[in-house]
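K.L.:
Take a look and give me a structure for this.
(one chain, ligands or ions: 1)
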Amino acid sequence: MALLGWVSEGREWHQNNPTDIRKVLHKLLIMLCLGIICLTLLYFLTGCCGSDVPENSISTRPAREWFLSGWYQEINGTYKEDMVTVHHGYRDAGERSTNTPDVVTHDPGTEWTASRRLPQALIIGVKKGGTRALLEFLRLHPDIRALGSEPHFFDRHYARGLSWYRSMMPKALDGQVVIEKTPRYFVNMETPGRVHSMSRDVKLIVVVRDPVTRAISDYTQIISKTPNIPNFETLAFKNSTNGEIDDLWSPLWIGLYAQHLERWLAWFPLAQIHLVSGEGLISDPAGELGRVQDFLGLQRIVTDKHFYFNKTKGFPCLKKPEGSSKPHCLGKTKGRIHAPINQEVIQRLREFYRPHNKRFYQMAGKDFGWQ
Ligand SMILES: Nc1ncnc2c1ncn2[C@@H]1O[C@H](COP(=O)(O)OS(=O)(=O)O)[C@@H](OP(=O)(O)O)[C@H]1O
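P.N.:
As a prediction, the model looks like this:
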């Protein structure tokens, strides 16, 4: 009844005031337009278009800086320390576009394009040499884009092809150096030729460490995973009475650096291979990093101000790792307490490696000072 009353009243009013009705409708129309404009503004201001920032969309300068800082890389899940199998962290590998330039951005007056590219530099070894430390230190550099995990492309997954390999790489802007580390490459027979067929200009980095300490470190890692294996001495000697070394036992065979380097030198000139001292990486990380940055043709941005020596860990740590303001040391599998090995065994191993090391120093043109 009330409604009917209102309608009838309205009809009367309408009949009585046609110009007023037009004015009201006009006002309503203006209010509607204003409402639409406000909603549209709200839509853009709350960033509804960018709430799920796609990795290939860097639309503002702060966003680009965020991308360069490496936060992006962490969020993307490309890095997990000690992640050594190709399955982890690559859930979406197959979905990734491999050839289109997938980042186009609009900064006033500037355009940035990032895409997945094959690496221009590889950390090829050696296992337990300090490769993780080097990669983590290098990724502080804004011109480096590093794959966090080990793709094992040239040794295990070569059949998947270069487009698969490229799809593994983090997106990089023009001028950034894409790098990955897989320590097994250094000792794998097929890898040098395969790397060469990908690129004859690729820059190769090898972190080398005293082969005796390296072997013990390797063995320490093996027993941490398979505790019931025989002791070091049993595996290291073919014959414990005459002290004959089993140099085919992987922890010892990897330390025959001259033999492995020779294979690489059949494909690449020495100038394209940079040798990092694993010991130097601990005693003077900034010095080693300075030389690596020079080798990669980058400005020396990672310097001593990035490191501090952590007494508890017994190793250099980062004051401010990428994407964080807190100091950071490598995880507990890096810098472990080694399995105890008899001093006589160590001495025998030193004798065994002496001629090999000498040959390696000659080939490398550098004395690493191992006893
Ligand atoms: N800053 C810093 N923090 C911790 N550890 C450091 C660092 N720099 C070099 N190292 C040495 O790195 C050794 C592990 O080498 P890798 O990272 O090449 O190992 S792996 O092959 O990837 O498993 C690891 O070997 P162990 O000491 O035998 O555990 C370390 O000696």
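
K.L.:
who's in contact with residue 141?
P.N.:
By C-beta atoms under 8 Å, 6 or more residues apart in numbering, the residues touching residue 141 are 293, 298, 301, 302. Where C-beta positions appear, they are placed from N, C-alpha and C, glycine not excepted.

K.L.:
per-residue pLDDT, the third one?
P.N.:
In the predicted model, residue 301 carries a pLDDT score of 98.

K.L.:
Local confidence estimate at the nearest residue to it once chain neighbours are set aside?
P.N.:
Closest residue to residue 301 apart from its sequence neighbours, by C-beta to C-beta, 6 or more residues apart in numbering: residue 141 at 5.2 Å. We have a pLDDT of 97 for residue 141.

K.L.:
you'd agree residue 141 is in a helix?
P.N.:
No: the assignment for residue 141 is coil, going by DSSP: H, G, I helix; E, B strand; the rest coil, so no helix is present there.

K.L.:
Show the backbone phi and psi for residue 309.
P.N.:
phi -90, psi 120 (degrees, to the nearest 10).

K.L.:
what's the answer for the one 10 residues further on, then?
P.N.:
Taking degrees, to the nearest 10, you get phi -70, psi -40 for the backbone angles of residue 319.

K.L.:
quick one: pLDDT of residue 196?
P.N.:
98.

K.L.:
which one of the contacts of residue 141 sits closest to residue 219?
P.N.:
Nearest to residue 219 out of these is residue 302 (C-beta to C-beta; 31.7 Å).

K.L.:
what helix or strand is that closest one on?
P.N.:
In this assignment (DSSP states H and E), residue 302 forms part of neither any helix nor any strand.

K.L.:
dump the residue contacts of it.
P.N.:
Per C-beta under 8 Å, 6+ apart, neighbours of residue 302: 137, 138, 140, 141, 286, 289, 290, 293.

K.L.:
run the last query once more with 10 Å
P.N.:
By C-beta atoms under 10 Å, 6 or more residues apart in numbering, residue 302 lies in contact with 137-142, 144, 285-286, 289-290, 292-293, 318.

K.L.:
Roughly how far does it sit from residue 125?
P.N.:
Remark: distance between residue 302 and residue 125 (C-beta to C-beta, to the nearest Å) = 21 Å.

K.L.:
can you check residue 208 too?
P.N.:
8 Å.

K.L.:
intersection of neighbour lists for the two?
P.N.:
By C-beta under 10 Å, 6+ apart, residue 208 and residue 125 have these common neighbours: 186, 257, 260, 261.

K.L.:
how about the CA coordinates for the helix or strand containing residue 224, as CSV?
P.N.:
Using DSSP H and E, residue 224 falls within helix 211-225. C-alpha atoms of helix 211-225 as CSV (Å, rounded to 0.1, in the frame of the first residue of the first chain):
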residue,chain,number,x,y,z
PRO,A,211,93.0,-32.9,-3.3
VAL,A,212,93.7,-34.7,0.0
THR,A,213,91.4,-32.4,2.0
ARG,A,214,88.9,-32.5,-0.9
ALA,A,215,88.9,-36.4,-0.8
ILE,A,216,88.3,-36.4,2.9
SER,A,217,85.5,-33.8,2.5
ASP,A,218,84.0,-36.0,-0.2
TYR,A,219,84.2,-39.1,1.9
THR,A,220,82.6,-37.2,4.9
GLN,A,221,79.7,-36.4,2.6
ILE,A,222,79.4,-40.0,1.5
ILE,A,223,79.3,-41.4,5.0
SER,A,224,76.8,-38.8,6.0
LYS,A,225,74.5,-40.3,3.4
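
K.L.:
Which elements pack onto that helix?
P.N.:
Applying 3 or more C-beta pairs under 10 Å, 6 or more residues apart in numbering; DSSP states H and E, we find helix 211-225 packed against helix 232-236, helix 250-253, helix 278-283, helix 343-364.
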